[in-house]
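Student: Just the structure for this:
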Amino acid sequence: EGDEIIKSNQKGASVPSLGLSNKIVYNEDLEKKVSSDEKKFKDEYPENYFIPMTMKAPPTEEYLIQNTLWPETQKLYAHGYEIFSMAATKDGKVLASACKATTLEHAEIILWNTSTWKIHQRLQSHKLTVTQMKFSSDGKRLLAVSRDRRWSLFENKSDDSVNFELISTTDKTNGVHERIIWCCDFSHDDKFFTTGSRDGKVAIWCKNEISEEESSLKQYTCSAVISLPSESITALAFARQTWHDRY
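Tutor: Numbers count the residues shown, from 1 in each chain. Sure thing, here's the model as predicted:
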């Protein structure tokens, strides 16, 4: 109940001069009297202060900064370098983050519990920056692609907790991509996933239930490759439904 009261009193965000962080502005802050020095600063730097207003014209840049910026409520510390990629499960209960890296240790993926903001797990597979991650629709699998030209697929082996394990990955002998893998996505039904790289290839992968290879791919195989010569595939996405029975 206390949290609900706080949320209902939030009116906007106050942005400091360097824009390094932001502060929630409450009802009581708007009613508080300010000193002459603070008033002078407010007049000189209006973008730093939240000023309630009624929209009667296209919004100014200051208005957008103060009213569309999400107030910061939590800082998380665990990575050694700048965050490079993030992903969340559909229900929002698990958050995955990864940072810039040149070693196995720093390239690890951290899984966060979004209700307590404690670390669930640390997942290691890649040796360079993980460039993008995607959870499957059911939240059971996590796909990661990296600058090391590999992808990794993790699966949650527990029904009532978070316990992801590496179930498939590419290596030098079975990888399709010859350059940095920039992007990835799952199909809406989780039957396929794709990876796109700087070498202009979009690879489509699926699970082969019949046999399990001895290689690092295990039960997964590349079902098709779309090649765009002289292009760098930096983003891709599946449609969220089939169209005329096609993906």
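Student: which residues sit in contact with the residue nearest the centre of the chain?
Tutor: Centroid check for the chain by CA atoms, centre = their mean gives residue 86 as the closest residue, at 2.3 Å. Applying CB atoms under 8 Å, 6 or more residues apart in numbering, we find residue 86 in contact with 95, 96, 97, 98, 133. The way it works is simple: take the backbone N, C-alpha and C, and place the C-beta from them, glycine included.
Student: what's the helix or strand for the second one?
Tutor: Right, the one you point to is residue 96. strand 94-99 (DSSP states H and E).
Student: List every C-alpha atom in that strand, with coordinates, as CSV.
Tutor: C-alpha atoms of strand 94-99 as CSV (Å, rounded to 0.1, in the frame of the first residue of the first chain):
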residue,chain,number,x,y,z
VAL,A,94,14.0,-12.5,-15.0
LEU,A,95,16.4,-9.9,-16.5
ALA,A,96,19.5,-10.9,-18.4
SER,A,97,22.4,-8.4,-18.8
ALA,A,98,25.9,-8.6,-20.4
CYS,A,99,28.7,-6.1,-20.8
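Student: OK, contacts around the closest residue to residue 104 other than its chain neighbours?
Tutor: With CB to CB, 6 or more residues apart in numbering as the criterion, residue 104 has its nearest non-adjacent residue at 5.1 Å, and that residue is residue 127. Contact analysis of residue 127 by CB under 8 Å, 6+ apart lists 101, 102, 103, 104, 107, 146, 148.
Student: residues near the second one, how many?
Tutor: A total of 13 residues lie near residue 102 under the criterion other CB atoms under 10 Å.
Student: Surely it and residue 147 touch.
Tutor: No. Judged on CB atoms under 8 Å, residue 102 makes no contact with residue 147 at a distance of 9.0 Å.
Student: follow-up on the earlier one: compute the distance between the residue nearest to the centre of the chain and residue 126, please.
Tutor: In this view, residue 86 and residue 126 are 15 Å apart by CB to CB, to the nearest Å.
Student: With residue 177 instead?
Tutor: 13 Å.
Student: okay, these two: which has more neighbours?
Tutor: Under the criterion of other CB under 10 Å, the comparison of residue 177 against residue 126 puts residue 126 first, with 26 against 23.
Student: where do the helices sit along the protein?
Tutor: For the chain, the helices defined by DSSP state H cover 2-9, 27-31, 36-44, 61-67.
Student: For the residue lying closest to residue 151 once chain neighbours are set aside, which residues are in contact?
Tutor: Distances taken as CB to CB, 6+ apart put residue 145 closest to residue 151, at 4.7 Å, once the chain neighbours are dropped. The contact partners of residue 145, by CB under 8 Å, 6+ apart, come to 130, 131, 132, 133, 151, 181, 182, 183, 184, 195.
Student: Try it again at 6 Å.
Tutor: 131, 132, 151, 181, 184, 195 (CB atoms under 6 Å, 6 or more residues apart in numbering).
Student: out of those residues, who's nearest residue 67?
Tutor: Set against residue 67, the nearest of these by CB to CB is residue 132 (30.0 Å).
Student: Could you list the low-pLDDT ranges of this structure?
Tutor: Filtered on pLDDT under 70, the chain yields the residue ranges 1-53, 66, 69, 211-213.
Student: What ranges does it have for its strands?
Tutor: Per DSSP state E, the chain carries strands over the ranges 10-14, 23-26, 83-88, 94-99, 109-113, 118-123, 130-135, 141-146, 151-156, 164-169, 181-186, 192-197, 201-207, 220-227.
Student: can I get those strands in a markdown table with distance to residue 247?
Tutor: Listed next are these as a markdown table, based on distance: least, CB to CB, whole Å:
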| stretch | distance to residue 247 |
| --- | --- |
| strand 10-14 | 41 |
| strand 23-26 | 43 |
| strand 83-88 | 21 |
| strand 94-99 | 24 |
| strand 109-113 | 27 |
| strand 118-123 | 28 |
| strand 130-135 | 16 |
| strand 141-146 | 16 |
| strand 151-156 | 19 |
| strand 164-169 | 20 |
| strand 181-186 | 11 |
| strand 192-197 | 7 |
| strand 201-207 | 9 |
| strand 220-227 | 10 |
